[in-house]
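>>> Quick check, what structure comes out for this input:
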Amino acid sequence: MNALVYRGLLLFFKNKQAVVGSFIGALIMIGLYVFLLGDSLVNQLSMLSNPQLVIDTWMLAGVIGIASASSTLGSVSQLIRDKERNVYTDFMISPVSKSKIMLGYFFSTFLISTIITLAVIIVSELYIVFLSDGAFLSLPNFGLLALAGILTVFCSSSFMFFVASFFRRIDTFSTMTSIIGPLLGFLTGCYVPIGSLPEATQNVIQYFPLTSGVVLIRRVLTENAFASENSEAVQAIKEELGIVMNYQHEILVPVLILIVSSLVFLGIALWNVKRIEMKR
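Down below sits the predicted model:
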């Protein structure tokens, strides 16, 4: 299993297109903010003392969330390539158990996405401090931010691993990822503030597992931006921007949602692989 994990890491980081592709979702988020949404959102929050910092931290939280989700799309594609080239079949007929082989692919995806997400977190923190005149997060909060990012990666990796278990051709999978990538941005409230969406859509977003991770990231990253605000409208603003959700006021709730949903997706994926292999 360790050899499979190492192989996956090596193949991914040698593939420059895959590495760059992992940042496409984050670049879309930045482009939307810079060219379309940024000034409008800042003007809407003029009652705050530093609306620019609030929106910058909200945007960067979305970038982290999108990076943690979209990076798994590129890294899990190695599984599909191996299926297409029959490398996967060679692994499956080896003496190694099928579960260990699949977990090797999974942990490879998880580690790749974790590395990318932690790098984006560090860059975001530096951006907030040096370009947005914000403050560094305290060490406990930075640790919580890293944990939120890792849990979001875990959930996203499990979800994409589950999806990938149904595919055998890279062109079909690539078509699917070109749809699901932008869709994840909307379903997690990263491309458009959750409060601006219809109520029915908001209800769907609230119960989408990855949203819990992005909400937790937003809550931690924007904490300093709201620290000096005394406005009564702050709570409404946080709900509008998707920084807090109706049922996720306690940190433990989104953490549990991420862990449970991750284990469910991973369990179903492993079961599906065994089911498919038994039919062959």
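
>>> drop to CA atoms for contacts and neighbour counts, all remaining ones
Will do.

>>> Strands along the stretch 151-280 of the chain, start to end?
Applying DSSP state E, counting those that start in this stretch to the stretch 151-280 of the chain gives no strands.

>>> quick one: low-confidence ranges for it?
230-231, 246-249, 277-280 (pLDDT under 70).

>>> Report the distance from the lengthiest helix in the chain to the chain centre.
Ranked by residue count and defined by DSSP state H, the top helix of the chain is helix 98-130. The chain centroid and the centroid of helix 98-130 are separated by 10 Å, computed with C-alpha atoms, centre = their mean, to the nearest Å.

>>> Packing partners of that helix?
helix 2-14, helix 51-75, helix 87-92, helix 139-164, helix 252-279 (3 or more C-alpha pairs under 8 Å, 6 or more residues apart in numbering; DSSP states H and E).

>>> which element follows the first one toward the C-terminus?
It stands for helix 2-14. Next in sequence after helix 2-14, counting helices and strands by DSSP states H and E, comes helix 16-21.

>>> Centre of the chain to that following helix, how far?
Worked out by C-alpha atoms, centre = their mean, helix 16-21 lies 17 Å from the chain centre.

>>> And for stretch 113-131?
Centre-to-centre, stretch 113-131 and its host chain are 14 Å apart (C-alpha atoms, centre = their mean).

>>> what's around Gly21, how many residues?
Neighbour count for Gly21, taken as other C-alpha atoms under 10 Å: 17.

>>> Ser178 too?
By other C-alpha under 10 Å, 11 other residues sit near Ser178.

>>> quick one on the thing from earlier: what's the average pLDDT for the longest helix of the chain?
In this model, helix 98-130 has a mean pLDDT of 91.

>>> In it, which residues are buried?
For helix 98-130, burial by neighbour count (16 or more other C-alpha atoms under 10 Å) applies to 98, 101-114, 116-118, 120-121, 124-128.
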